[in-house]
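**Student:** From the sequence below, what's the structure:
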Amino acid sequence: MEYHVPQFIEIEDKIVGPLTLKQFIYIAGTGGLCIVAFAYLPIIFAILVAIPVVALGAMLSFYKINGKPFIEMLEAGFNYYTGAKLFLWKHQEPTAKKRILDEQEAAEKIKAETIANTPRVSRLTQGKLSELAWSLDVKKGVGSDELES
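**Tutor:** I've put the predicted structure just below:
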């Protein structure tokens, strides 16, 4: 048995001519507000009120940002400005004393790294040489006694 699977379910149906139901409601609401403004306000004030209302109505009806309707952007902006915000880190410029201490620490670190990376030449003094010879003689004597027994 075959079933018909609906396709293009993201596309809204055109209800009133080329407009979807939402677009029609936004346009009708904009027109209604403009008619009320022109009916009850002087013409200059009515025009000043109608211009932003028409712009908002047109944006709500037709404007999309990154494929999302403008109403969703308005909602996200409203939730951002009214919602609680969590700040985890606030950058503060370091003081002059802190900068000097950081520079000194960096210089000491570089100095320690250069000292660690330079090859060390051990200096053999007369005292160390005699101690080394004595320890070798003693160990040799102890080891040979154990082997003879």
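**Student:** Quick one: the helices in this protein, in order.
**Tutor:** 21-40, 43-62, 70-82, 96-117, 126-148 (DSSP state H).
**Student:** Any chance of CSV for these, columns mean neighbour count and mean pLDDT?
**Tutor:** From N, CA and C alone the C-beta is placed, and that goes for glycine too. Below are those laid out as CSV (neighbours: other C-beta atoms under 10 Å; pLDDT from 0 to 100):
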stretch, mean neighbour count, mean pLDDT
helix 21-40, 15, 95
helix 43-62, 15, 96
helix 70-82, 11, 94
helix 96-117, 10, 84
helix 126-148, 9, 67
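**Student:** Which phi and psi values does residue 90 adopt?
**Tutor:** Taking degrees, to the nearest 10, you get phi -120, psi 120 for the backbone angles of residue 90.
**Student:** neighbours around it, how many?
**Tutor:** If you count neighbours by other C-beta atoms under 10 Å, residue 90 ends up with 5.
**Student:** Can you read off the pLDDT for it?
**Tutor:** Looking at residue 90, its pLDDT reads 72.
**Student:** I'd like the numbering to begin with 2 instead of 1 from here.
**Tutor:** In the new count, where the first residue is 2, that last one comes out as residue 91.
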